[in-house]
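> Sequence and predicted structure below; questions after.
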Amino acid sequence: MDVLTKIFNKAATEGVISSFPRISAMQRLSIYADDVTLFVKPLASDLQFIRQVLQIFGQASGLRVNYAKSSAILIRGNDADRRRVADMLQCQEGDFPCKYLGLQLAIRQLTHAEWQPMLDHAKYFVPAWQHGLIQRPGRLILVKSMIAAKPVHHFMVIEASDWVFEELDRWMRAFFWKGKEKVNGGQCLVTWNAICRPTDYGGLGIKCLKQQALALRVRWEWLLRTDPNRPWQGLPMATDGMAKRVFDSLVCIKVGNGSRVQFWSNIWIFGFAVIDIVPLIHGLVDTRTRNRRKVEQALDNEAWLQDINGDLSFSAHLQLLHLGRQSPWFRGIPTPTINSRGRVMPQEFTLHCLFIKDSASGWRNRPSQHAFGGAGPPQMQDLHVAGRPASHLDLGSTGQTRSAGSSFAMLHLSSRGR
């Protein structure tokens, strides 16, 4: 099988077969024992190459492909691609979800009907007529070693719905107490939560499947950051929100050279992530960049500023300044000093656009290039820091002032240097 892997790696490197963006030649081929999964584009040249390579490999090694038991599954393909694959490979046509190494592979959330075979496999391992012949200590062993253990393979990689865990818990509870499929509350001598406690805390050591599944998925978050030699490293993986939140709450990241820490999403700034400090700016960065930008790349010549798309609001500028004050890594951000009264100490900014609102005319745009320093005028300090109604607003080049009671909104505040 190593020879087959090297053949496809060489073909992808030399451009004999089409490549996939952000996927290495090694990652497009999965081999386990005599099972092979290959990702290939449905092009005539690629399909012809695959057919010939598998035929030559079978003649040389004796491991011939049984096309009657093989299947081709299209991902985002059309009818023309489907006909081309069927004509050239002459194997069965499959669809998602499909089973590989006992796992249900899917490109969407599994339905109730698709989960049911796994549930039946976990529940019906003993003929129904034998249930009553097994004593409760024996049923406890079967619950811990069979029913609770069989679905672990699926829970390790798939985020199951709550009803899946409830169904299994209901079956384990009924089987443990009475050896039946269903049981009412009066037949349960102790609550199921007490049964699932560790033996040191008065329980019987039956694992809570939902918590165990979450712990197993958190392990992928750990391997993603600590084991760069895993063959799946670098693949665009779906985000497991719950597992990521648990991992972030348990792990403290200390930045070294920043080559393995994600700039936008990881918690690396004194126990906070960038999204916690600048949520308005975080939304202006596209998802692909948020998932791929490393700290080392982002801090090189302030490259992270180029990730921000669109104009920043007044509140977003304030968040940006707050990020610069709190984080010593961001040396390129202007960081004004705030005194005890909440006013900006001397530093110059440019007001690009000012909106004035009064009771008579509503919101009106007053463009201005009024440069002001933090030492004065006081009304401009109030405008920049707080967003309170200003007593007098100097409009600079317009030569006008507004009376007390006017409200304001400010857009696009940019620094003119320190």
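Looks like it arrived, so ask away.
> Would you state the strands of the stretch 51-200 of the chain in chain order?
Taking DSSP state E, counting those that start in this stretch, the strands of the stretch 51-200 of the chain run over residues 71-73, 92-94, 98-100, 103-105.
> pLDDT weak spots in the stretch 301-418 of the chain?
324-418 (pLDDT under 70).
> meant to ask about the stretch 101-250 of the chain
Looking at the stretch 101-250 of the chain by pLDDT under 70, you get 128-129, 131.
> Do a quick rundown of the helices in it.
Secondary structure of the stretch 101-250 of the chain (DSSP state H, counting those that start in this stretch): helices at 112-123, 136-142, 152-155, 162-178, 192-195, 209-226, 241-250.
> so how far is the fourth one off the chain centroid?
Right, helix 162-178. Distance, stretch centre to chain centre, for helix 162-178: 30 Å (C-alpha atoms, centre = their mean, to the nearest Å).
> Reformat the helices of the stretch 101-250 of the chain as JSON lines; add distance to residue 3 and mean neighbour count.
Just so you know, the C-beta spots here come from the backbone N, C-alpha and C atoms, and that holds for glycine as well. Shown next, in JSON lines, are the helices of the stretch 101-250 of the chain (distance: least, C-beta to C-beta, whole Å; neighbours: other C-beta atoms under 10 Å):
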{"stretch": "helix 112-123", "distance to residue 3": "35", "mean neighbour count": "15"}
{"stretch": "helix 136-142", "distance to residue 3": "44", "mean neighbour count": "13"}
{"stretch": "helix 152-155", "distance to residue 3": "29", "mean neighbour count": "17"}
{"stretch": "helix 162-178", "distance to residue 3": "41", "mean neighbour count": "18"}
{"stretch": "helix 192-195", "distance to residue 3": "52", "mean neighbour count": "14"}
{"stretch": "helix 209-226", "distance to residue 3": "28", "mean neighbour count": "16"}
{"stretch": "helix 241-250", "distance to residue 3": "37", "mean neighbour count": "14"}
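> How about residue 189: what's its closest non-neighbour residue?
In space, and not counting its chain neighbours, residue 189 is closest to residue 177: 7.2 Å by C-beta to C-beta, 6 or more residues apart in numbering.
> coming back round to it: mind putting the helices of the stretch 101-250 of the chain into a markdown table with distance to residue 262?
Shown next, in a markdown table, are the helices of the stretch 101-250 of the chain (distance: least, C-beta to C-beta, whole Å):
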| stretch | distance to residue 262 |
| --- | --- |
| helix 112-123 | 32 |
| helix 136-142 | 44 |
| helix 152-155 | 26 |
| helix 162-178 | 29 |
| helix 192-195 | 37 |
| helix 209-226 | 9 |
| helix 241-250 | 11 |
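> nearest to residue 93, of those?
With C-beta to C-beta, the closest approach to residue 93 among those belongs to helix 112-123: 18.5 Å.
> Quick check: which helices or strands does the closest one pack against?
Applying 3 or more C-beta pairs under 8 Å, 6 or more residues apart in numbering; DSSP states H and E, one finds that helix 112-123 makes contact with helix 162-178.
> Need the contact partners of the helix it packs on.
Contact with helix 162-178 is made by 112, 115, 119, 122-123, 131, 136, 139-140, 142-143, 147-148, 151, 180-183, 187-189, 192, 195, 206, 209-210, 213, as judged by C-beta atoms under 8 Å, 6 or more residues apart in numbering.
> before we move on, what about stretch 109-116?
97, 104, 106, 158, 160, 161, 163, 164.
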